[in-house]
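Trainee: could you work out the structure for the sequence below:
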Amino acid sequence: MANAKSSGWLKWVIILIVLGGTGWGAWNWKLSQGSPEEVIFRTNSVSRGDITQLVKANGAIVPVKTVIVGSQVSGIIKDLKADFNSRVTQGDLIAQIDPSTFEQNVGQAEAELANSKAGLELAQVNFKRANELREANLIPVSEHDKALADLHQAQAGFKIREAAVKKANVDLDRTKIYAPISGLVIIRAVDVGQTVAASMNAPTLFQIAQDLTKMRIEAAVSEADVGGVEEGQAVTFLVDAFQGRTFKGKVQQVRFAPTTNQNVVTYTTIVEVSNPDLKLRPGMTADASIITAEKIGVLKIPNAALRYRPPESSMLIDTNSPSAPGKTNQLAGAKAAGESGEGRPNRDEMRKRFESMTPEERETMRARFGGGRPGGRSEEPRAEGPVTRTVYILADPSAAPGKQLAKAVKVKVGITDNSSTEVLEGLNEGDTVIIGAVAAAGAAGLTTAGRGPTTPMGSPFGGGGMRPR
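Mentor: Numbering: from 1, shown residues only. Below is the predicted model:
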């Protein structure tokens with residue numbers, strides 16, 4: 001008997017929990033739907049102004065021409081004539097390698113040359129004697145031929161020794177390191193007493209920048225932006241060493257060779273920079289802005305107007321483009337037919353409805369249900385020419401706040417920057433566009449931006465509430 005009573009109480013508790021959850025879900029769903037009275041739109045006027053379209057890129061500042069000075073011979077650094085920041089002229093002696101070993105090599109080569117010269121003279125005398133005896137038929141032909149071969153061998157040996165002397169002198173001359181260009185020493189890689197070994201690669205002694213009054217930036221431009229970058233475009237950039245000062249440059253070259261780092265593809269863009277006061281130094285990081293387009297005194301709207309999508313309950317399906325008969329009813333019917341009795345989308349019905357629509361109706365459908373991109377947000381225009389976008393204006397500007405409806409308008413837009421976009425067609429100066437919305441009193445009380453009203457914080461079962469999707 002006791003078990004039966006416990007089961008009855010448990011049954012009623014479960015029923016109450018289910019009813020409470022159902023009621024809370026219905027209440028939450030109703031709030032998420034919103035209504036024209038629950039939304040107050042935030043607006044902005046279409047105005048005229050300047051728009052500068054930029055491509056951002058980072059890169060290092062480097063000299064236009066840099067020469068690495070090395071050594072072709074091995075030895076100990078005996079003397080240094082240049083240091084960091086030293087100005088040198090082409091041909092100046094900047095380092096000396098200990099020449100003792102090379103001087104001995106020259107002396108040995110000269111001695112071997114003298115010995116070879118004596119051997120050559122002996123071979124010439126022997127050949128002359130053998131030639132006279134052969135003419136008198138006093139020696140056989142073989143001895144005459146041997147004397148001739150000895151002469152040729154002595155001549156070749158003399159040439160080898162001559163070349164050895166020249167090589168020893170060249171190596172001796174290479175112990176003196178001269179500046180190959182005029183410029184500023186920016187790196188000194190050795191000290192006096194240090195041994196340098198020239199084997200497969202020449203050791204680096206100095207690095208000389210030819211002219212620091214002319215610098216360049218090797219900027220990395222992403223593959224998404226490189227299409228708008230061209231030679232001759234103006235560039236502004238900042239460096240951390242001089243906060244608040246803007247430097248200027250110009251695009252000199254856009255290289256075709258790609259650079260891939262962690263699956264990110266970039267293209268090196270060379271920006272030439274004038275540096276008359278020598279404030280810019282090699283190795284500084286520059287935050288460059290490449291001006292790809294610039295227009296003065298054009299109609300513009302905030303970028304937020306292109307991203308915002310009003311809640312469905314606050315939208316008036318009406319555009320300034322030609323509409324097919326019965327378009328509003330068809331779109332409404334698609335929404336109704338696309339939901340089952342439980343509120344879940346019927347994909348087959350929605351697909352059939354969508355396929356039967358005209359291209360214009362499909363575009364309106366995409367704009368209404370999130371612009372065809374995840375999250376209901378659309379990207380800023382990246383096309384080279386004008387593109388058509390959808391913005392929203394107040395259907396009745398005289399309506400009281402909270403009772404206004406949004407009207408979709410097709411516009412052609414041009415270039416864009418971080419805050420505004422150029423308007424080519426569809427709006428006039430002074431028109432008002434919707435850039436967002438806030439919940440009215442008695443509703444959520446939260447700011448919305450393209451997602452409709454949000455659910456109040458707190459629920460009968462705890463937690464922070466849910467955001468409608």
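
Trainee: how about the secondary structure of Ala399?
Mentor: Secondary structure assignment for Ala399 (DSSP: H, G, I helix; E, B strand; the rest coil): coil.

Trainee: and the gap between the closest residue to it other than its chain neighbours and Asn275?
Mentor: Once flanking residues are discounted, Ala399 sits nearest to Leu405: 7.4 Å by C-beta to C-beta, 6 or more residues apart in numbering. Just so you know, the C-beta spots here come from the backbone N, C-alpha and C atoms, and that holds for glycine as well. Separation of Leu405 from Asn275 (C-beta to C-beta, to the nearest Å): 58 Å.

Trainee: picking that back up, quick one: contacts for the residue nearest to Ala399?
Mentor: Applying C-beta atoms under 8 Å, 6 or more residues apart in numbering, we find Leu405 in contact with 36, 314-316, 394-396, 399.

Trainee: ok, the residues you listed vs Lys214, which is closest?
Mentor: When those are ranked by distance to Lys214 (C-beta to C-beta), Leu394 comes first, at 55.7 Å.

Trainee: check contacts around that closest one.
Mentor: With C-beta under 8 Å, 6+ apart, Leu394 has these contacts: 41, 43, 404-407, 432, 434.

Trainee: kindly report the same for Tyr392.
Mentor: If you count contacts by C-beta under 8 Å, 6+ apart, then Tyr392 has 305, 308-310, 315, 406-409, 433-434 around it.

Trainee: repeat for Gly119
Mentor: 154, 157-158.

Trainee: quick one: average pLDDT of the host helix or strand of it?
Mentor: Here Gly119, judged by DSSP states H and E, is contained in helix 100-135. The predicted model assigns helix 100-135 a mean pLDDT of 94.

Trainee: mind listing what's buried in it?
Mentor: Burial within helix 100-135, assessed by neighbour count using 16 or more other C-beta atoms under 10 Å, is assigned to 102, 105-106, 109, 112-113, 116, 119-120, 123, 126-127, 130, 134.

Trainee: please apply the same query to stretch 184-201.
Mentor: Counting neighbours by 16+ other C-beta under 10 Å, one finds that the buried residues in stretch 184-201 are 184-186, 188, 190, 196.

Trainee: redo these as JSON lines? Include pLDDT and secondary structure.
Mentor: Formatted as JSON lines, those follow (pLDDT from 0 to 100; DSSP: H, G, I helix; E, B strand; the rest coil):
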{"residue": "Leu184", "pLDDT": "94", "secondary structure": "strand"}
{"residue": "Val185", "pLDDT": "95", "secondary structure": "strand"}
{"residue": "Ile186", "pLDDT": "94", "secondary structure": "strand"}
{"residue": "Arg188", "pLDDT": "95", "secondary structure": "strand"}
{"residue": "Val190", "pLDDT": "94", "secondary structure": "coil"}
{"residue": "Val196", "pLDDT": "93", "secondary structure": "strand"}
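
Trainee: let me know the closest of the residues you listed to Val387.
Mentor: Looking across those and measuring by C-beta to C-beta, the closest to Val387 is Ile186, at 48.1 Å.

Trainee: do I have it right that the closest one meets Ser86?
Mentor: No - applying C-beta atoms under 8 Å as the test, Ile186 and Ser86 come out as separate, 9.7 Å apart.

Trainee: regarding Val298, what is its secondary structure?
Mentor: strand.

Trainee: excluding covalently adjacent residues, which one is nearest to it?
Mentor: Glu422 (5.0 Å).

Trainee: list the contacts for Asp191?
Mentor: 77, 80.

Trainee: and the gap between it and Asp79?
Mentor: In terms of C-beta to C-beta, Asp191 sits 11 Å off from Asp79.

Trainee: pull out the buried positions in the helix or strand Val55 falls within.
Mentor: Element membership of Val55, judged by DSSP H and E, is strand 47-63. Across strand 47-63, burial judged by 16+ other C-beta under 10 Å covers 51-55, 57, 59, 61-63.

Trainee: run through the protein and note the low-pLDDT ranges.
Mentor: Along the chain, segments meeting pLDDT under 70 span 1-9, 13, 26-38, 317-385, 439-469.

Trainee: how does it divide into domains?
Mentor: Domain ranges of the chain: 55-63+209-297, 67-98+175-208, 99-173, per automatic domain parsing.

Trainee: quick one: contacts for the nearest residue to His144 once chain neighbours are set aside?
Mentor: Using C-beta to C-beta, 6+ apart and skipping residues adjacent in sequence, the residue nearest His144 is Arg134, 4.2 Å away. By C-beta under 8 Å, 6+ apart, the contact set of Arg134 is 141, 143-144.

Trainee: among the contacts of Gly119, which lie within helices?
Mentor: 154, 157-158 (DSSP state H).

Trainee: save the residues you listed as JSON lines, and put in neighbour count too.
Mentor: Shown next, in JSON lines, are these (neighbours: other C-beta atoms under 10 Å):
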{"residue": "Ala154", "neighbour count": "20"}
{"residue": "Gly157", "neighbour count": "18"}
{"residue": "Phe158", "neighbour count": "19"}
